[in-house]
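Enquirer: my questions are about this predicted structure, shown below with the sequence.
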Amino acid sequence: MSDRSPVVGGEGEVRTVAERSGRAQSRAVRFTIGYDGPTLRVLDRSTVEMATPPSDPVRGYEGQSGFWYELHDAKGGILYRRIVANPIQFDVEVHDLETGSRRVPVAKPRGVFVVLVPDLPDADSLVLVSSPLEPEKSAAAAEALVRFPLAPPRRAG
Amino acid sequence: MGTADGAIVGATKILDHGSDTDRWTIVIVAEGYRTAELAQFHNDTQNFLNTLLTTAPFDTLQGAINVYRLDVSSTDSGADDPVGCGGTGATPATYFDASFCGNGIQRLLVVNTTDVLNAVNANVVAWNVIMVLVNSPIYGGSGGAVATVSRAPAANEIALHEIGHAAFGFADEYEYYAGCGVDVGHDQHPTVEPTQPNVTINSNRATIKWADLVLATTPMPTTTNADCTICDPQPDPMPAGTVGAYEGAHYYHCGAFRPQFNCRMRALGFPYCAVCRRRIVQTLTPHLPIKSILKDLKELKFEKFEHKEFKVEKIEKPEHKEIKIEKIEKPEHKEVKTEKFEKLEKFEKLEKIEAREKSEFKERKPEKFEVELDKRSLEGPKFKDAELEPFDERSMSERVARLESSMARMSHFITPQQRPDLSRGALSTDGDARPRTPAKRSRPPRRPSGARPPSR
C-alpha cells in the first residue's frame, strides 16, 4: 500500500518513486495514444521538460477496477503509476442543466488521449491498465490492456 | 471545415507563477471566435480563471498554477448546432469544428481533439490540462483528452468537473448511470474496489480509504439505501460537509459509497468534497514554489498530509549544512551572511536545498502533526519577521539575497506565541473542513433541492 519503495537516485542516494516523480523529476515523456474501438496505438511520443504528477501507490491495488497507467522497468517492477479517468471513451458523460449529469454509451468509440510519465532511466515500457471497456463491465477488475515498449523518444519543442 | 477555417494567433501566459517546467499548467483554447471576437475570448478566459482561482482548493494553490490563453481565430462564430438534436441548424466554419449534438446528444459539445492537441503542442510545450472554450451561449460541454465547454456561465462547472476526471482521476460519485428510474442493472455495485480515490465499496471505519477524515461520531456507513432498485431518496442526515460513507456511488444504487453527501463529482454546483480536495492538494503541492511552501508552513495552510515523516532538520539546524556558494553577484549581499552559512559556493546547490526541503515538507504525517509541532517549538527556527516575500524567479541574485535575508532572521527556537494555529488551516473557512461545526450547505443555483440527482 505504499509508494515508498526505494529506488536508487542518480547520485547514489535512495529516493522514493514519489520523490522521483515529484519536483525532483522535471523531465517527462508525453505519449499521444489513439484508439479505434479496443485497438490502441501510439501516435506520438516526445520528451518534455516538466514535472509529472506524483505517483500513486505502486502496490496494494491488485484486483481493483478503474484505469491507470504504469511505467515498468525491464524486470516488470513498477516505477510509476497514475490513476486517471478512463480516457478510452466507450461512453461519455453528458451534463444537462435540467436533468443533471449522466452517461451515454458511444456508438463508435474513437479518439485520442495523452499520457504523461516521468522520464526515468530504468523505464522499459508503458502499460495501460483498465477495467473492461464496455460500460456495463466498467466496474469489473482491471487488467493490463496494452504494453508499449519504450524506444528513445524525440524531444518536444 | 477545420483548421483551414481560421488561424492560430498565438499563446499568452495570463497567470505566471514561474517556469512551466515546475508548475501545473492549464491552456485555455479559443474556438468559434472570429478575430474581432478574441477580446471576448480574453474576457471569457478571465471569467473562468476567476472561477478556478476562487474554487477550493485551487484558491490556496495558486502559486502552483500557470495559465496560458491560446488565441485561435475562426472564420465564423459559434459552433455547429444540428437540427437533429433540436438545434438551429447553424454550421459555422470554425478552426476545431466545434459541434453540439456529439453522439446524437444535444448538450454534448465536442471538438476535433487531434487538432486541439496539435495546436497546443505547437505553442505551449509543458502543459497539464487543456480546456477549449467554445464561443456559444448554449450550455454544453464534454470531457476526455481535453475539456470542452461553451461560454455559457454555468458551463464553468462542467470544466471543473471534467478537470477532476482528467487531472486527478476522480470517479463520478452519482449513484445512477443514465438516470434514476431509468437504469437497468445498476442496483448493486460489483464487489470490486474502485481504484479511484473518491469512491469505495468499503464502509469499514478503520479501513475505508478516507478513514482519517471520518470523525468517531459519524455513523458508518453514514447512509444506506433501503431499496436498491432505486436511487436513495433520503436527505442528508448529517451536518453538511460530514465525511463518512454514503451509499450510492459510481453509477450504482447500492454497494458503493461516496465520502460526502454531495460533491462536484456527484452534482455540478457543489464544492469538491474533502477527499477530492485532498487529492488535488497532493497533486499540486509538488508544483508549488518552495518559498510558497515555507510561507504556507508558517501559516499552516495545508490541511492534511499522508506521508509519514515531517522533517525540519534543515531549518532547525542550518549550521549543519555544508552547502556554500562561491559567487555573490551583488557585493552588498555579502553583508547579509549568517554565522552558520559562511560562504556560498554554487547556486546550483541552493536549488538542491530547495528541492530537498520541499520534498521533506511533503512528508508530514497528520497523526503525528501536533507532536511534531511541539518538537518544532523546541528545536525549530524563529522567524522574526512573519512575512516571507512571495517567490520570484526573476534573477538568481535576488533569490540568493532573499534566502540569505531569511536565514538571517532565523533562530533556533520559537516562542509559544509563535506556535502555529491549527485552526487556520487551508480549509478553515470551508464547512467541509470543520465537521464539528456544521457550515451552511452550498446549493447549486439551478437545483434548490440539489441533493438529488435527476429522477426520470
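Expert: Yep, it's here.
Enquirer: got the contact list for residue 74?
Expert: No chain was given, so I picked chain A. If a contact means Cβ atoms under 8 Å, 6 or more residues apart in numbering or on different chains, then residue A:74 has A:122, A:124 as its contacts. Using the backbone N, CA and C atoms, a C-beta is placed for each residue, glycine as well.
Enquirer: oops, wrong one, chain B.
Expert: B:5, B:6, B:30, B:31, B:32, B:33, B:34, B:92, B:93, B:94, B:95, B:135.
Enquirer: cool, residue A:89 as well?
Expert: Residue A:89 neighbours (Cβ under 8 Å, 6+ apart): A:106, A:109, A:111, B:144.
Enquirer: including neighbour count and secondary structure, could those go into TSV?
Expert: Shown next, in TSV, are the contacts of residue A:89 (neighbours: other Cβ atoms under 10 Å in any protein chain shown; DSSP: H, G, I helix; E, B strand; the rest coil):
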residue	neighbour count	secondary structure
A:106	17	coil
A:109	18	coil
A:111	18	strand
B:144	22	coil
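Enquirer: okay, those in a markdown table with distance to residue A:43 next?
Expert: Shown next, in a markdown table, are the contacts of residue A:89 (distance: Cβ to Cβ, whole Å):
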| residue | distance to residue A:43 |
| --- | --- |
| A:106 | 20 |
| A:109 | 16 |
| A:111 | 11 |
| B:144 | 15 |
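Enquirer: which of the contacts of residue B:74 sits closest to residue B:224?
Expert: Distance to residue B:224 across those (Cβ to Cβ) is lowest for residue B:31, with 45.1 Å.
Enquirer: hmm, the closest one is touching residue B:79, no?
Expert: Yes. Here residue B:31 lies in contact with residue B:79, judged by Cβ atoms under 8 Å, at a distance of 7.4 Å.
Enquirer: mind listing the shared neighbours of those two?
Expert: In contact with both residue B:31 and residue B:79: B:94, B:98, B:134, B:135, using Cβ under 8 Å, 6+ apart.
Enquirer: look up the pLDDT of residue A:125 for me, please.
Expert: Listed pLDDT for residue A:125 reads 96.
Enquirer: how about the contacts made by it?
Expert: Contacts of residue A:125 by Cβ under 8 Å, 6+ apart are A:71, A:72, A:147, A:148, A:149, A:150.
Enquirer: name the SS class of it, please.
Expert: What DSSP: H, G, I helix; E, B strand; the rest coil gives for residue A:125 is strand.
Enquirer: show me the beta-bridge partners of it.
Expert: Note on residue A:125: beta-bridge partners residue A:72, residue A:149, judged by DSSP bridges.
Enquirer: can you report how many residues neighbour the residue of the stretch 251-400 of chain B found nearest chain A?
Expert: Nearest to chain A, among the residues of the stretch 251-400 of chain B, is residue B:286, at 3.9 Å (Cβ to the nearest Cβ). By other Cβ atoms under 10 Å in any protein chain shown, 25 other residues sit near residue B:286.
Enquirer: for it, helix, strand, or coil?
Expert: Looking at residue B:286 with three-state DSSP, the answer is helix.
Enquirer: so the residue of chain A most remote from its centre versus chain B, what's the distance?
Expert: Farthest-out residue of chain A from its mean C-alpha position, per Cα atoms, centre = their mean: residue A:98, at 34.4 Å. As judged by Cβ to the nearest Cβ, to the nearest Å, residue A:98 and chain B stand 8 Å apart.
Enquirer: before we move on, the earlier item: mind giving me the PyMOL select for the contacts of residue A:125, buried ones only?
Expert: The following PyMOL line selects those of the contacts of residue A:125 that are buried, judged by 16 or more other Cβ atoms under 10 Å in any protein chain shown:
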select buried, chain A and resi 71+72+148+150
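Enquirer: now render the contacts of residue A:125 as TSV, adding pLDDT.
Expert: Shown next, in TSV, are the contacts of residue A:125 (pLDDT from 0 to 100):
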residue	pLDDT
A:71	97
A:72	97
A:147	96
A:148	96
A:149	93
A:150	89
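Enquirer: out of the contacts of residue A:125, which is nearest to residue B:243?
Expert: residue A:71 (32.4 Å).
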